[in-house]
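Undergrad: sequence below, structure please.
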Amino acid sequence: MFIIHNSLTYIVKVLEIILYVFSGVAGIQILYYSIFFMRIFAKRKKEIKTEKIPVSVIIAARNEAENLQKFLPTVLEQKYDNFEVIVVNDASDDGSEQILKQFQRKYKNLYVTTLSLDSQFSHGKKLAQTLGIKAAKNEWLLFTDADCIIDSNLWIEKMQNNFTENTEIVLGYGGYIKKRGLLNLLIRYDTVFIAIQYLTYAMSGLPYMGVGRNMAYRKSTFFKNKGFASHLKLLSGSDDLFVNENANKKNTKIEISKESFTHSVSKETFSDWIFQKKRHFSTGNHYKFNHKFLLALEVFSRQLFYILFIILAIFWNEPIIIFSVFGLRTLLYSAVILKASHVFGEKGLLFIGIIFDFVQPFVNLIILLLQKLSKKKRNRWK
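TA: I've put the predicted structure just below:
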């Protein structure tokens, strides 16, 4: 009886410790939603500028003939008086050059720079973008990708409404084109959650990344900070690492009007998506410490929150408290996802989001471990 009593006492103490830890991580999760993510509900003052600032749109492309044919007109046919489009055709061998020449005959504000393949010199997207930036005539640069469709012909106008005297960087939303299938659903949810993070962090004065599918910055900012020099050896990072190094609460704005969105072609296979995620994690290793800490703490606290909830829901003798805390956090999460889905025009994500909210930290952990353990580096331009 004594042994049984001691065992029960020990189990109760362990469960009490688990309860305290659960309360702590639940508090951390609620703070993330209260301080950061709930800002998605904030009403933003609509900027309307009568002056149309000259803009250079820059697209770096390699073997994107099909996408250029379909999507480039959505850039070229913007309802904006003063803009140029610079496409850097980076050693394409798929007919991109001929398609761009056809567009040049129709659109006088389209300029093309072509890079030839050099067997002795391998380069990535950053070189192509740097050449495009150097060729730009204007101070303000607006970036997107060849596989992006611009949702509205007011894209440039909406983004340039944020081009003020003190602004150097503008972050926009770049989603993925909706298709059937689980993978596309996961990619769109993952993209929305990442957008919630980097946009609400920026609204809180902590900008840490942007997406090259839809962002803008000053040409002078690029050269003043030596462009991509600090991470030139990395294949990726021309967008998020540049923002991480140079953005701050005073020089960065966001634009989330529906007319400012772009949408890209999503990956077709899980292996390609995992590879894309691995590259994102590899660049994330180079973020500033405070950014890495905040991002990692959210994921770690979410993992613990779910694990400890399951343990307490099974073994704790007062489940009402446990389920109440779980319900509060789930309510906050659902409200943010529903609002973000509305803001970004990404419908039907709540159900998959509730499931993936639990799964995502563990999936990310597995992908991160694969990225760390991977010995072979697949050299991809993008």
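Undergrad: could you use CA atoms for every contact and neighbour count after this?
TA: Fine.
Undergrad: right, and Gln303 touches Asn364 too?
TA: No - assessed by CA atoms under 8 Å, Gln303 is found out of contact with Asn364, at 10.9 Å.
Undergrad: name the SS class of Val75, please.
TA: Under DSSP: H, G, I helix; E, B strand; the rest coil, the three-state class of Val75 is helix.
Undergrad: wait, Arg329
TA: helix.
Undergrad: show me what contacts the closest residue to Ser260 other than its chain neighbours?
TA: Closest residue in space to Ser260, ignoring its immediate chain neighbours: Trp155 at 4.4 Å, by CA to CA, 6 or more residues apart in numbering. For Trp155, the contact set (CA atoms under 8 Å, 6 or more residues apart in numbering) comprises Gln78, Glu259, Ser260, Phe261.
Undergrad: could these go into CSV alongside pLDDT and neighbour count?
TA: Below are those laid out as CSV (pLDDT from 0 to 100; neighbours: other CA atoms under 10 Å):
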residue, pLDDT, neighbour count
Gln78, 97, 16
Glu259, 97, 17
Ser260, 97, 22
Phe261, 98, 25
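Undergrad: so who does the residue lying closest to Tyr173 once chain neighbours are set aside touch?
TA: Closest residue to Tyr173 apart from its sequence neighbours, by CA to CA, 6+ apart: Phe261 at 5.5 Å. Applying CA under 8 Å, 6+ apart to Phe261 gives the contacts Ile150, Asp151, Ser152, Trp155, Gly172, Tyr173, Gly174, Gly175, Asn214, Phe344.
Undergrad: I figured the second one was touching Asn214, is that so?
TA: No - in terms of CA under 8 Å, Asp151 does not count as a neighbour of Asn214; the distance is 11.3 Å.
Undergrad: between the two, tell me which one has more neighbours.
TA: Neighbour count, other CA atoms under 10 Å: between Asp151 and Asn214, Asn214 has more, with 26 against 16.
Undergrad: residues touching the more buried one, list them.
TA: Leu142, Phe143, Thr144, Leu171, Gly172, Tyr173, Gly174, Phe261, Thr262.
Undergrad: mind redoing it with 7 Å?
TA: Applying CA atoms under 7 Å, 6 or more residues apart in numbering, we find Asn214 in contact with Phe143, Thr144, Leu171, Gly172, Tyr173, Gly174, Thr262.
Undergrad: export the residues you listed to TSV and tack on neighbour count?
TA: Output for the contacts of Asn214, formatted as TSV (neighbours: other CA atoms under 10 Å):
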residue	neighbour count
Phe143	21
Thr144	23
Leu171	27
Gly172	24
Tyr173	26
Gly174	27
Thr262	23
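Undergrad: pipe these into a markdown table and attach distance to Phe83, pLDDT and secondary structure per row.
TA: Converted to a markdown table, the contacts of Asn214 look like this (distance: CA to CA, whole Å; pLDDT from 0 to 100; DSSP: H, G, I helix; E, B strand; the rest coil):
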| residue | distance to Phe83 | pLDDT | secondary structure |
| --- | --- | --- | --- |
| Phe143 | 13 | 98 | strand |
| Thr144 | 14 | 98 | coil |
| Leu171 | 19 | 98 | strand |
| Gly172 | 18 | 98 | coil |
| Tyr173 | 21 | 98 | coil |
| Gly174 | 21 | 97 | strand |
| Thr262 | 18 | 98 | strand |
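Undergrad: what is the nearest of those to Ile320?
TA: Among those, Tyr173 lies closest to Ile320 (CA to CA), at 39.7 Å.
Undergrad: tell me if Val87 really is in a helix.
TA: No - according to three-state DSSP, Val87 belongs to no helix; its state is strand.
Undergrad: how about Phe289, what does it touch?
TA: So Phe289 contacts nothing (CA under 7 Å, 6+ apart).
Undergrad: could you measure it against Ala296, distance?
TA: 10 Å (CA to CA, to the nearest Å).
Undergrad: ok, Ile58 next?
TA: 33 Å.
Undergrad: pick out whichever of the two has more residues nearby.
TA: Set side by side, Ile58 and Ala296 show more neighbours around Ile58, with 27 against 13, by other CA under 10 Å.
Undergrad: average pLDDT for the helix or strand hosting that one?
TA: Ile58 is part of strand 55-61, with elements assigned from DSSP states H and E. Computed over strand 55-61, the mean pLDDT rounds to 97.
Undergrad: what separates Tyr107 from Tyr32, distance-wise?
TA: Separation of Tyr107 from Tyr32 (CA to CA): 47 Å.
Undergrad: scratch that, Trp316 is what I was asking about
TA: 26 Å.
Undergrad: kindly report the same for Phe275.
TA: 28 Å.
Undergrad: now the strands: where do they sit in the stretch 51-200 of the chain?
TA: For the stretch 51-200 of the chain, applying DSSP state E, counting those that start in this stretch gives strands covering 55-61, 83-90, 110-115, 140-143, 148-150, 169-171, 174-176.
Undergrad: adding distance to Leu368, write those out as CSV.
TA: Output for the strands of the stretch 51-200 of the chain, formatted as CSV (distance: least, CA to CA, whole Å):
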stretch, distance to Leu368
strand 55-61, 28
strand 83-90, 30
strand 110-115, 34
strand 140-143, 28
strand 148-150, 27
strand 169-171, 26
strand 174-176, 23
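Undergrad: nearest to Thr269, of the ones you listed?
TA: strand 174-176 (14.4 Å).
Undergrad: need the residues touching each of Asp151 and Asn214.
TA: Thr262.
Undergrad: sorry, back to before: just curious, which of the contacts of Phe261 is nearest to Gly132?
TA: So of the contacts of Phe261, ranked by how close each gets to Gly132 (CA to CA), first place is Asn214, at 15.8 Å.
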